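Trainee: prediction below, plus the sequence it came from.
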Amino acid sequence: MPNPYDENSLQIARRLFRAHQLLELRRLADAEAEFRAVLELAPDEALAFRGLAACARLQGDLPGARGFIEQALLLAPTDAYIHQEAGIVFSQIEKHEKAIYHFKLAVEQEPENADLLFGLAMAFYRRGGLRDTLKAEKLVGRVLELDPNHVQALTYKAAIARQGLHFREAEKYLQQLGRADPEDAYLQSLLAEQRRREGDIELALEHHRSALRQDPGDRAELYNYYEAYAYENRLWRAVSRWDGGVLFNPLSQFITSIIVFVFLLLLLTKSPEWIPELLRQVLAWLVYLPIFIVWVVRLWPKWVASRRRWHFPFTGKAAQFLFLDLSGALGTLAFGGYLAIGDFIGVTTAIFLMIYGTIAADVILSKEGSLTRTMGLILAVIYFCGAVNLALALLGFQPFKPTEVIAGTAWMLILLGYSLFDELKKKGWWKKRAGH
């Protein structure tokens, strides 16, 4: 007569194996169902709780992941891989001390396991500080001693080399990776940046597309993909590719701008003696338009966004409308405001303040650190003031004052100047000027 206990154990083992297969395939809902089925057969199965923690973490439910992994730790306090998952979870919720503690326990169980050592290295690195960074570097070196082809360690070394502007060293690690894993989005992003720096835009775009196939909602990667076109003076090609050329392409922008321009002209012109004034306004517009285009198409993507890592806080059609349609929508709005109040400098300043308000929103939403958040809040206040001033201007008031214009312009020049300085420094401009 078969032993029910053996049959139950065999069924649990099969379900766990199946659940882990589904987890590797990122079929998270199916994997979660299998792990829960295991718990119905064995309520104290620690590996099932570990699997549920991984499913919750990958779905962004970090509180749920923490609850599951804490239950797993109670049931199996010496399991290295449960401590590994605990380290990952605590690292993602920024409990760095706990993350390091659990990774250390995992490494104690299996000191020659390259993956566990790399996890400990990343826990030190995320905690920050020079001493922790040096510990991380030493551990990554140990990982590469155990496994010279460890993809994550090589990718980390390449990223660190790029941050330190050691591009040749970064290329060495990227070449050591051999045939890049098309499913590693971060690696594909690194390769794209490296190829773009070398001038191979087509190959860079291919790497960006590979990264986006893995994570279509990655706003930073989506922006980098657009930015690669901007480097080649193909901003409008990027627009037409993103939306199919139906709504936001240059032709529709031009037609819309002309219609709005004529409408504002008829609405705001009340005197038959408007022609000389209009000619002066057109002259101002012709001066303003090239500056605006240079800002949006060249300076913004090349000197500001790419270096400061400010990315659009929206995706999809909202991003296309708010950012890719700037030259048409904001340009027309600025010109309409100028027609309304005759304050060209004030209106354009408000427009630029609104652009920097978008930057501030992204800083506040996605960055860390007290200094960064303070800067973000300051920019947000400036943005709010600019938006209020613009609204008042369009209603017929003249709220702009010289002090406001100077303050807003100073902020823009400081940020743009710092970005330009950083750009020249990274290109080795100082060494060239010194004759080195």
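Mentor: Ah, there it is. Residues are numbered from 1 along each chain as shown.

Trainee: CA atoms for contacts and neighbours, from now on please.
Mentor: Fine.

Trainee: what is the one helix or strand residue 81 maps to packed up against?
Mentor: Element membership for residue 81 (DSSP states H and E) is helix 80-92. If you count contacts as 3 or more CA pairs under 8 Å, 6 or more residues apart in numbering; DSSP states H and E, helix 80-92 packs onto helix 46-58, helix 62-75, helix 96-109, helix 114-127.

Trainee: SS state for residue 19?
Mentor: When classified by DSSP: H, G, I helix; E, B strand; the rest coil, residue 19 comes out as helix.

Trainee: related to what we said a few turns ago, what angle sits between the helix holding residue 81 and helix 114-127?
Mentor: Helix 80-92 and helix 114-127 are oriented at 20 degrees to each other (axes from the mean of the first three to the mean of the last three CA atoms, to 10 degrees).

Trainee: ok so, going back, rebuild the helices and strands packed on helix 80-92 as CSV, extending it with mean pLDDT and distance to residue 88.
Mentor: CSV is the format used below for these (pLDDT from 0 to 100; distance: least, CA to CA, whole Å):
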stretch, mean pLDDT, distance to residue 88
helix 46-58, 83, 9
helix 62-75, 83, 10
helix 96-109, 83, 7
helix 114-127, 82, 8
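
Trainee: can you tell which of the ones you listed is closest to residue 17?
Mentor: Residue 17 lies closest to helix 46-58 among the helices and strands packed on helix 80-92, at 10.6 Å (CA to CA).

Trainee: find the nearest non-adjacent residue to residue 143, please.
Mentor: Distances taken as CA to CA, 6 or more residues apart in numbering put residue 114 closest to residue 143, at 5.0 Å, once the chain neighbours are dropped.

Trainee: surely that neighbour is in contact with residue 139?
Mentor: No: the pair residue 114 / residue 139 is not scored as a contact, 9.4 Å apart, by CA atoms under 8 Å.

Trainee: how many residues are close by the closest residue to residue 81 other than its chain neighbours?
Mentor: Counting by CA to CA, 6+ apart, residue 81 lies nearest to residue 106, which is 6.7 Å off, once chain neighbours are set aside. Counted by other CA atoms under 10 Å, the residues lying close to residue 106 total 26.

Trainee: so residue 106 is in contact with residue 73, correct?
Mentor: No: using CA under 8 Å, residue 106 is not in contact with residue 73, being 11.9 Å away.

Trainee: which neighbours do those two share?
Mentor: Jointly contacting residue 106 and residue 73 under the rule CA atoms under 8 Å, 6 or more residues apart in numbering are residue 83.

Trainee: so what's the nearest residue to residue 59 once chain neighbours are set aside up against?
Mentor: The shortest distance from residue 59 to any non-neighbouring residue, by CA to CA, 6+ apart, is to residue 28 (7.8 Å). By CA under 8 Å, 6+ apart, the contact list for residue 28 reads 22, 55, 58-59.

Trainee: just the residues you listed now: which is nearest residue 65?
Mentor: In terms of CA to CA, no member of the contacts of residue 28 lies closer to residue 65 than residue 55, at 7.6 Å.

Trainee: now the contacts of residue 28 in CSV, with neighbour count?
Mentor: Formatted as CSV, the contacts of residue 28 follow (neighbours: other CA atoms under 10 Å):
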residue, neighbour count
22, 17
55, 25
58, 15
59, 14
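
Trainee: list the contacts for residue 83?
Mentor: Neighbours of residue 83 in contact, by CA under 8 Å, 6+ apart: 73, 77, 102-103, 105-106.

Trainee: show me which of those residues are buried.
Mentor: Buried members of those, counted by 16 or more other CA atoms under 10 Å: 73, 102-103, 105-106.

Trainee: max pairwise distance over those residues: which two?
Mentor: Farthest pair in the buried ones among the contacts of residue 83 (CA to CA) is 73 and 103. Separation: 12.9 Å.

Trainee: what sits against residue 11?
Mentor: Residue 11 touches nothing, counting by CA under 8 Å, 6+ apart.

Trainee: phi, psi of it?
Mentor: Torsion angles at residue 11 (phi, psi; degrees, to the nearest 10) stand at phi -70, psi -40.

Trainee: from now on call the first residue 43
Mentor: I'll keep to 43 as the first residue from here, and by that count the last item is residue 53.

Trainee: measure it to residue 59 for me?
Mentor: For residue 53, the distance to residue 59 equals 10 Å [CA to CA, to the nearest Å].

Trainee: give me the domain ranges for the protein.
Mentor: Domains of the chain are assigned by automatic domain parsing as 43-190, 289-471.

Trainee: averaging pLDDT over each of those domains, which comes out lowest?
Mentor: Lowest mean pLDDT within the domains of the chain: domain 289-471, a mean of 49.

Trainee: can you give the contact residues for stretch 72-80?
Mentor: With contact meaning CA under 8 Å, 6+ apart, stretch 72-80 is reached by 54, 57-58, 60-65, 87, 90-91, 93-94, 97.
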